[in-house]
Every structure is written in C-alpha cells, then in structure tokens.
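S.K.: Next comes the sequence, and after it the predicted model I'd like to discuss.
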Amino acid sequence: MSTKDFVTGMDSNARKAPRRVAFITRRTSAQVKAVDEETLQTFPEVLFRAAVAIEVMAIGLVTMALLFNAPLEGIADPSHTPNPAKAPWYFLGLQEMLHYFPPVVAGVLVPGLVVMALVVIPYFNINIEAEGLFLKDRERRLRIFYIVTGALVLFLVVFRVFVALVPTLIVAAFMILAAQSSPQSPSAFRRYLASKPLSYWIMSWFLFELVVLTAIGTFFRGPGWSWVWPWRS
Amino acid sequence: MQSSNQPWSSLWKTLFGDPLRAFGIVSAILLVLLAIAPAKNHFSEWRHYQKGYLRMVRSRGEAVTLQRHFQPGIQQIWHPDIGVTDRCTSCHVGLKEASLTDVKFQPYRKHPVIPHTTEQYGCVMCHRGQGAATTVEEAHSSTLAWEQPILPARYIESGCGQCHRANLEGTPQLNQGRALLARYGCVQCHSIKLPDAGVMQATQDAPSLSHIADKTTREWIFAWLKDPQSYAASATMPNFKLKDDDIRDISAFLIANSNPVAGDTLPPISQKAADSTAGASLYGESFCASCHAVQNAAGNLVGGNVGPELTRIGNKTKPEWLRAWIHNPRVYDPGTQMPHYRFSDQQVATMEGFLLAKSDSDFLANVHLDPATPEQIAHGKSLVMEYGCSSCHEITGIKKPENFAPELTRIGSKSISQLIFLPGMSHTLPDYIAGKIRQPRAFSPGLKMPQYSFTLTQIDALTTALLAQNDRAQSMPPSLSVPAPQTSHYRPAGKAGQIMSDLACFSCHAINGRGGDMAPDLTWEGSSVQRKWLEDFFRNPGTLRPALIRRMPKFNLSNEEISTLSDYIMTVYQTPEFDRESLPESGYSATQVEEGKQLFYSKYGCQSCHIVDAKSDKGYIGPTLTGVGSRLTAAWVYHWLKNPQALRPGTVEPNRNMSDDEAKSLTAFLMAQKGSGTKEAKK
Amino acid sequence: MAKTVDQYFDDLRDTRVWRSIFRSGTGSSTLKRSLAIQQNVFLHLFATKVRRRMLSFSATWYLGTLTLGTFLMLVVTGILLMLYYHPSVPQAYADTKDLQFVVSSGLFLRNLHRWSAHAMVFLVFAHMFKVFYRGAYRPPREFNWVIGIVLLLVTLLLSYTGYLLPWDQLAYWAITVGSNIASAVPVFGDKIHFMLLGGNLVNANALLRFYVLHCMILPLAAIFFIAIHFWRIRKDGGLYAHQSEPSTLTKTTLAKEAQ
C-alpha cells in the first residue's frame, strides 16, 4: 500500500477513521489490538489542554515568585563553614544516609544501585504480570519476605538508622496485612492491598524512605547534623 | 465540572468549556500576573524617595537650583579597586546640597562637612551597610545576605582609622581608643597587625616583677591583685577576679621568684626628719605632679598620668627601696621614664618621709598571710603562666607567651555568626565588642580576660579603634593608606646623651621625632636660644608661660654637666634653615626699635597674647616676652616672625605675612626686651 | 453576513506568507489538523491522535506536560538571567545582588527560575512514580523509561549545577558537601572530584565549569533526550492506557465481539 494511494483514496473530511488491517503475529506487540478506542485530534484538543495545564502551573509559579524571594546568603566564604552545611533538598536524603553509613556506601553504592535498579525495571519483566505478591505460593513467599525484612531491620538497627527503620516497619506491616488479605476480601482497601505485586511494595518502600529521609534532612537537622524540632527554633 | 449551582456551571462552561477559550482566558490571567513584576519595579522605594525629594524641593526658595542638580534614576558611586558600589545617593539625594542642612528628615539632609567628598570613597567605607542595595531594609539592616548593618553614628570615626594610622585632629575618639589599646596592655596579649607589616606596640611597659621583693611586700601584692583599683583608682592593671587562695599562691611565687638588685636599697639616712611642709614644697618644686597623680580630699585625682598614682605609696614600698629610688631610680630600673634628680641626702630623706606618709592604715589591715609552702609557690607559678602575667610583666624564668589571646587584626569585620552573644544583647558587632570590653567574664566564667574599669566613653573609644581593624583596612591599596609617622629611635650620643637619658629628657621633650609632648620640642633649640640663658635655665628653670602648671623641674645639675649639655645643644640642635649668628643680638637703632614697638602694639596687636610690659599687658596665651631679648637669638625671632609654622609646624602663632623690614623692626624691638626676664630667671 | 472570527483566521491562514511558513493550509478538517501536527518540526514528535481516556486528569495528572512546562519556563528565565551574569568570582555574587537591586524585575526572574527549578525536580520524581505505579514502563516502552531515568539524572544535575551559580554561602557549601560525595568513589574518587570541580576545591574554576554545564551542555542534553522521550511516546503506541494490559484487553476484545 503506497502512501500516494492512501492519500488519494481518502476523503479529507472523513467521519470515520480509516480502517486498518492488522496481521497479528507472535512478534507484533499487543497494542495494535486496541484500535477502536475513541481518539481525539492532538491539534487542537490535546495541545490546548496541555497549554492550559502549563499555564495554570505557570500562574502558580509566577504568584510564588512574586510573593517569595529566592534564598540568598552572604558571599561564599571558604574559611567559614556554616553549621550545618546542607546540600540541595533533593540530595538531603542522601546526606542523611551519609550520617549513618560510610561515604562509599551511602554516597556511591546506594545511589548507584538505585539508578541501576530503576533502569533495569522494564527489562526484568518486573510487574509485567502484576499479580498480587501473596496470591500464589503464599507460604514460601511469606517465609522469604520475613527473612528479607528481618535482615533489613537488623541491618538498620545495627547501624542505628532508626529514621529509615520506621518507614520500613510501616511498609512491612502493610505487606503482612496484604498477605492476610485476598481478592475476595469484603474491604476494598484489603482487596487493593492483596492485588499489589512485589515491585509495587519495593517501589513504595523506596518512595516512603525517600520522602521521610528528605523531610528529616530538610527540617529536622540542625548544627552538627543533630536532631532539632523545626517548630522549636 | 460538577456544580450544584446552575448559573455557575453554565459560566464555567462558557469560560472553560472549549479548550481554545480556556487557553485564551488562562493566558490572559498569566499575562496580567506577569505584568505585576515590572509594575512592582515601577513602585520601588528609591523612586518613591526621589519623588518625595522633588515634592519637598518644590516648596523651597532655591527650588530651581535643586531641581537642576537632581538626576533621576539609580545613582551609583563605583570604585571597584576598593570594593565600593554605593547606590545610597539614589535615595539620599541631597547629600551635596549645601542649603539642605535644615532638613529635619532623612534621606534628604545634607551630609556634614568632612575632609573627603562622597564621590571619593563612597558611603559604606565609613558607614557600613550594604551600599549596592536599593531598598531601605537591605541597605541599612543586617539580612541573611548581608551581615554588616549601618554602623551606629557614635563609632563613625572607625571609618577614618581604616586608612589613617596616625592621629587625626578630627578623630579624638579614635585617637583615644588607639592610645588606650596601647596603654592598657590590650596589645600585649592580643596581637594587632598593622597593614604596613608592623604590630601595634604597647606604650606602657608594666613594671618588671623579677625584683619585686626589693620593692614591696607579699601582703601588698595580695591586696593589689585582689583589687588593683582599691589601691589606686587610676591603676592601669585590670582586675583578674582571682580567688583568695590563688592570689595567696601567686604572691608567694612572685616573692620567692624575686632576686635582689645590687645597690637598689639604701640604709636610713641620718638626717633629722623634715616636717611635712618641707616635703610638700619639695614635691611641688620638683614638679612630681607633672607625672604622678595623688587623690585629694575631694576624691579627685590631681596630677599627670605618666608615672603611677602615689595616693597610697606608703602602703606599697619598702622605705629603703623608696629611698634608693628617689636617690637614683635608674639603679632599680634602667629604662624608667623618671628623671634622676640629683637630690641631696637631706632632700631624699624629706621626700621619703613625705611619700611614706601617703598611706592608708586600713589598706593592709585585713591581709594576713602564712609563710608560703613549696606547693603554693608551684601553684602560683602555674597560675602566673595560665593568666599570662608575663605578657605584660617581666618575670624571671617565664617567657612572654606567644599568641596568648585571639588576634584582633580583623576584629572589625568579624562575622556575626562566629560570635556568641549574651542573652538579651543586640546581635551587632559593635555591641559585642563593647560588651566584651565592659564585662569579659560575663561571656564565660572560664575566660582569662580580666575586668577593666573603663568608663563608657573609654569603651566607646576602644570599640571605635577596634572596629577600624577590619578586612577593608588590611586590604586598602597602599596609595590610600596613610601610615603613622615612623617611630623615631633617636638617641643622643656621647656624654651629653648619657646625661639626657639619666634626666629622662624624652619623657617630656621631643627631639628629632622621639619623646613626649608635655614640654617644647627641642630639635632646633640650639638655633633658638642664647647659650647664657640656657645655662641659667638649667641652673634654675623658671617658666616661660605663666598659664602652665607643669614646669621643668630643677635637677641640681653640676656646672660641668650644664656646660656639657649646653655645648651639645648649641652645636647639634640647629636648624638648617638659617645661621643663628646671622643677625646681631643687640645694637639696633632706636628708630627701628620704636617702629617695632608701633608694629607690636598697633598693627599686629601682639599684646593680646604676649606680655612685654608686665604692668599693662595682659596676654597669657603665648610666652611672656619680657626677657625675650636675652633668651632667644635674633635670627630665630626674625625667622619666627616671617613664618612661625616653618620652624614649628602646628604652632598657634599666626603667620602675618610681614615684610622683611617689618620683621626686622619687630625683631629689634623684641631683642631690646632684656631686663626683667633675665632678672626673673636669676631669682 | 459578517464573517466570524474563525473565518478571518482562515483568511489569514490562506495568505501566501502564512502558507509559506505553515504548510498545512486552511480548513479544520481532521486531515488538516493531522497535517498541522505532522508537518510541524516540533509537533510531529507527538501523535496526531490521542485516546480520549488519556486526557482525563487522573490518567496522567499531566505530570509529563507540566515537567515540560517548567523546563520551558526555565529556559526562558535562564536565558534572561544569563544576560546579567558573569561566571567569575566574586562578580557572580555581585551580579546576583544586582539582579535584586538594579535589574528591572531581576529579582522576579531569579525567583521564578529558582521556584521553577524546584518544581521541575519535584515533578520529574512525581512523573517517574506515577509512570511506575501505572505500569507504563512495560514493553514496548522499556527504552522510554530508560530515557526517563536519564532525564531524571539530567534534571538533578541541572539543578545541582545551577545551585552554585549565585556564589553565596548556601551555594558554596551545598556544592562542597555534594561534590565531596564524589570523592568517596573507590579508586577514581579524587580524580572524579577534581574533574567535576576543575580543582581540589570549589573555586572560580568550579564556578565556570558549572556555568558551562548548566547553561550549555546539560540543557542541550535535556532537549535531546526530551525530544526522544516525546517521539518514543508516539512510536511506542501513544500514552499508555490501562486497557492495553493483557488482562483488561481480553475483556475489551470480548466486549467488542459481543457487540
């Protein structure tokens, strides 16, 4: 089917989308099957919606820029170290970890592994089947779960990383709840938990740790990286 | 969009139903918001103040001139080499307008007259604050991004001290502060480096403690250390707030550590004790009060502050030491500023009796010390080292500590965040410095810095001087730095030099840049006076100036000493400007003398400051001229009349721009005044 | 009959000049609208059509769009800020101060740049988690997920390099703390640290290096990867929809067949 034929054979204002014939082989991806989904023209529908979304955000940011000044301190002075010297907020989780672990672990190994893990997520068929973690082979998986969680908790206790321990325990508690739930559970929340795969739990744990460590680094750390209460300053 | 309210729902649909329309409306809102930023810029503070200035100016008489001088927009004084970017003049518009001195409110008042223009060095150089800022808050206050707020006006002289190392006439507070730093031993513990690679030197050397047992008792040391000011209100030594046991041990160590000086004590002189009137008159005749102060009955200190206060000297010194000291102070302390009066034995006994009577019977009444144990002495030694006593005092066996206290070279730009303030104290650098000087131990009981008894004025002066020690002063380009005059180490040579150092001439007189300012500069004395008068003066120093209380004491010099000194002065201390023999000392014609008299009394009115005829003239500002003809050389008088400042820079005598003939006639008249002065001197 | 606004617009689009610039011509037919996307060098990165479901807010929270929005705002404000900035010590700090004190709306520009930068970092993270929880990284979108991770790192580096530029205490010590982490890398730590800063300490060299990275290298990298990122959305079958998950797809197909 040449392009030229395609164009000439089509009414420029066709009501219906042209019908496509797809040959489904083993190697074709599954998406082509969903052809009869209702669609919209990108121009103007999507573009203008996107533009409106961006503008609404811009309004928010412009308002913020008008009301709040960006921080600026005294000129850089290598001879005078402020206490505490803090990295940008998105690295404070990392800096918090540096407080507990040697730099080679917290500064290189952990972020390196996180990036590696993120990159390989789609290649290891993680979450492809999206089955609830404990729906199949429950006993064995629960045993593995207890061993891994126990080792992690022990590790965090040995290094006295209690700020990371708390989110770990909370996520573990939810996972145990999930293990006790089934898709037939009367509670919608428990049905939801039961349907979540392993990757969901790991990512949620990571997100939770990230948020907690960043928040602690940002708000709860004072001189000498000691614990301070932000409302008692 | 779900809305229970029908009209609202339809309005929403009208506005945002169509993405295109929603885009238009949201874009409009965004554009309006974006327009706020330039609008905010338009209503900036500096524009507000410039408009206010124009409004204020309009109602004034000189409006046209002021409006013509006015320049709109942000103004800037920019000197990148000294780090000045000052936009203060954007709001302080009328700084240079001479007519705006009467303006009540800032920022429009005229700047007071100072030796520099605002363009020369900008504003923050002296006033601090953030010169680049264009808002009131940012320019004047301390913010997160700028630490140094505007300096309170009472410390403003510190700005001058950043460039000027020498004393300035216009900065009495700064001069006082620097003098105090040097005098009160601040610079003995704290090193203050000067931009020209030197270090601020102490001007007062605390007495050596190596031979203290000769001079005083352990009890006195105890009472003194407990509270130096209770012994002498004007004592330089600060209070270290020591515990009684510590003082006991320190006094034990100092006495034990002392070694005697050969010949510095004299057995009692077998003279009958003179009555106290004789002592008082000898004390007066010797002009001891020029240097030493004594508290009078009203509690006021009377006398100079070169030597120690003598109010309770009888409590302090051992009689045999005092005797020897009066006889010749240079035996005990070769470097003392006290002259070696050649007192007779009778005079020594009289003076000793007079001084020993100056005591307070209660002063040592409560001090009872048991004999010292070796442990106490050892502990005393460790305390002496801990408190850095040898920073100021010479103590046998203990070296002067290096870097004993923090360096203060850049204290004036110390970062606030590095300071620890007392609760309730305002967080500014001047307040910190002043607070630290006022009550050092309040900041931490463990601090070693002692408690001084400075007055508030002195504290302000010290703070001013310390604020001048800052980064800017250290990094000032050499072209702008005005160094202090080089300290002269002039020492006269030979036998005359020995006599002069024995008499401590330099304690009062300056010669070739070295010496005190209590008495006249003698650098060109040889050109100025006649030899006969000089010799007479040594024999019996009268005063030239009736208004002065301080006079040259009588040293009881031998004829040989007088002739040695006079020879030396007449030959060495000559000005290169003229020859002292160039004009005759007598033999002027009567007409010339009469003409000079006319000039003296009529044209120049010299009698308003000087006295020639003791009966009618009432001038007490300048020296009495009744005997000037036998005191000064004619050449000196002539050149003095022509240009007094050339011979003695800074003298009060005005330069009247006389013609040569007038100067000659006046010289003739003055050289004729020989009579009474000589007589007086011979009395 | 008076012409409507649309007709005026059509007239404009029919002029020779307009036609010489935009090739798609007049009319709002589906074809013309498709051509408007296809024939535009920027817009052709996008698909001409999008599933209606994907436009609902809950589907994407518009996080990718908003991230692009912050990036555009950062480019605009950043270029304006570059006009007033010298990457030298101590001029950099003075320039930052002057933005506040003398540049018209300079403080606003800097504020907007700063807050947009923070927003972008936040949105990039949010976008990543949203994509993960929706499972939108699944084949054939694996590579686009990897591009996304690269963009996350580029964004962090952009923010990090920009952090130093005001040359204030906050910047200096944040960068000192951050760059010291690089020293912890085994064997090459110090070399990497030296290369990052152009010296052993954060100094004028580091400022220049960060400036070049922040204003030239990293934005170009970002634009490059953003282009691929968008293009891959189209190539990988448009925005990911839940129905294409194997389990739900069966349902849809069954429903269709039932019809």
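M.R.: Perfect, thanks for sending it.
S.K.: Average pLDDT for stretch B:146-156, rounded please.
M.R.: Across stretch B:146-156, pLDDT averages out at 91.
S.K.: so, in contact with chain C or not, it?
M.R.: No: counting by C-beta under 8 Å from any C-beta of the partner chain, chain C has no neighbours in stretch B:146-156; the shortest distance is 8.7 Å. Using the backbone N, CA and C atoms, a C-beta is placed for each residue, glycine as well.
S.K.: Show residues contacting that stretch.
M.R.: A:74, B:126-130, B:133, B:138-142, B:158-159, B:173, B:413, B:415-417, B:428-430, B:460, B:463-464, B:467 (C-beta atoms under 8 Å, 6 or more residues apart in numbering or on different chains).
S.K.: Tell me where the model's unsure across chain A.
M.R.: A:1-37, A:125-130, A:233 (pLDDT under 70).
S.K.: near chain B, which residues of it?
M.R.: Residues of chain A found near chain B (C-beta under 8 Å from any C-beta) are A:44-45, A:48-49, A:51-52, A:55-56, A:58-59, A:62-63, A:65-66, A:71-74, A:77, A:80, A:82.
S.K.: which of the residues you listed come close to chain C?
M.R.: Okay, of these touching chain C (C-beta under 8 Å from any C-beta), that's A:44-45, A:49, A:58, A:62, A:65-66, A:71-74, A:77, A:80, A:82.
S.K.: if we can go back for a sec, out of the residues of chain A next to chain B, which sit inside helices?
M.R.: For the residues of chain A next to chain B, the ones inside helices are A:F48, A:R49, A:A51, A:V52, A:E55, A:V56, A:A58, A:I59, A:V62, A:T63, A:A65, A:L66, with DSSP state H as the criterion.
S.K.: Name the nearest residue to the fifth one, sequence neighbours excluded.
M.R.: With C-beta to C-beta, 6 or more residues apart in numbering or on different chains as the criterion, A:E55 has its nearest non-adjacent residue at 4.4 Å, and that residue is B:V26.
S.K.: name the element the one you found belongs to?
M.R.: B:V26 belongs to helix B:19-42 when assigned by DSSP states H and E.
S.K.: Mind listing what's buried along that helix?
M.R.: B:P19, B:A22, B:F23, B:V26, B:L30, B:L33, B:L34, B:A37 (16 or more other C-beta atoms under 10 Å in any protein chain shown).
S.K.: how many degrees apart are that helix and helix A:47-67 in direction?
M.R.: Helix B:19-42 and helix A:47-67 are oriented at 20 degrees to each other (axes from the mean of the first three to the mean of the last three C-alpha atoms, to 10 degrees).
S.K.: end-to-end on stretch B:197-205?
M.R.: With C-alpha to C-alpha, to the nearest Å as the measure, stretch B:197-205 spans 22 Å from end to end.
S.K.: Next: stretch A:180-198.
M.R.: Using C-alpha to C-alpha, one end of stretch A:180-198 lies 15 Å from the other.
S.K.: Would you indicate which residues of that stretch are buried?
M.R.: For stretch A:180-198, by 16+ other C-beta under 10 Å, it's A:S181, A:R190, A:L193, A:A194, A:S195, A:K196, A:P197, A:L198.
S.K.: where does the third one fall, phi/psi-wise?
M.R.: This points to A:L193. Main-chain dihedrals, A:L193, degrees, to the nearest 10: phi -60, psi -40.
S.K.: Could you double-check that it sits in contact with A:S181?
M.R.: Yes: between A:L193 and A:S181 there is a contact under C-beta atoms under 8 Å: 5.4 Å.
S.K.: which SS state does the residue of the stretch 401-550 of chain B found nearest chain C fall under?
M.R.: For the stretch 401-550 of chain B, the residue closest to chain C is B:S417, as judged by C-beta to the nearest C-beta, at 9.3 Å. Under DSSP: H, G, I helix; E, B strand; the rest coil, B:S417 falls in the helix class.
S.K.: who touches it in this structure?
M.R.: A:H80, A:P82, B:E147.
S.K.: any chance of these in a markdown table, with neighbour count and distance to B:M476 too?
M.R.: Conversion of the contacts of B:S417 to a markdown table gives the following (neighbours: other C-beta atoms under 10 Å in any protein chain shown; distance: C-beta to C-beta, whole Å):
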| residue | neighbour count | distance to B:M476 |
| --- | --- | --- |
| A:H80 | 14 | 22 |
| A:P82 | 16 | 28 |
| B:E147 | 20 | 20 |
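S.K.: Can you tell me the closest non-neighbouring residue to B:G515?
M.R.: Spatially, and ignoring its direct neighbours in sequence, B:G515 is nearest to B:F506 (3.8 Å; C-beta to C-beta, 6+ apart).
S.K.: Show me the strands in chain A, by range?
M.R.: A:39-41 (DSSP state E).
S.K.: those helices in it, which residues are they?
M.R.: A:3-8, A:47-67, A:92-100, A:103, A:110-120, A:138-158, A:162-179, A:188-194, A:198-219.
S.K.: Give me the packing partners of the third one, helices and strands only.
M.R.: Using 3 or more C-beta pairs under 8 Å, 6 or more residues apart in numbering or on different chains; DSSP states H and E as the contact definition, the elements that helix A:92-100 packs against are helix A:110-120, helix A:162-179, helix A:198-219, helix C:169-183.
S.K.: now swap in the longest one and tell me
M.R.: For helix A:198-219, the packing partners by 3+ C-beta pairs under 8 Å, 6+ apart come out as helix A:92-100, helix A:162-179, helix C:106-134.
S.K.: and the ones you listed as JSON lines, adding mean neighbour count?
M.R.: Shown next, in JSON lines, are the helices and strands packed on helix A:198-219 (neighbours: other C-beta atoms under 10 Å in any protein chain shown):
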{"stretch": "helix A:92-100", "mean neighbour count": "21"}
{"stretch": "helix A:162-179", "mean neighbour count": "17"}
{"stretch": "helix C:106-134", "mean neighbour count": "21"}
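S.K.: would you turn these into CSV with distance to C:Q7?
M.R.: Below are the helices and strands packed on helix A:198-219 laid out as CSV (distance: least, C-beta to C-beta, whole Å):
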stretch, distance to C:Q7
helix A:92-100, 57
helix A:162-179, 60
helix C:106-134, 38
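S.K.: So for B:K597, which of those helices sits nearest?
M.R.: Nearest to B:K597, of all those, is helix C:106-134, at 77.9 Å by C-beta to C-beta.
S.K.: Please, where are all the strands along the stretch 101-250 of chain B?
M.R.: For the stretch 101-250 of chain B, no strands are identified by DSSP state E, counting those that start in this stretch.
S.K.: Report the contact partners of the residue in it that chain A sits nearest to.
M.R.: Here the stretch 101-250 of chain B gets closest to chain A at one residue, B:A145, 4.5 Å apart by C-beta to the nearest C-beta. Counting by C-beta under 8 Å, 6+ apart, B:A145 touches A:L72, A:E73, A:G74, C:K97, C:D168.
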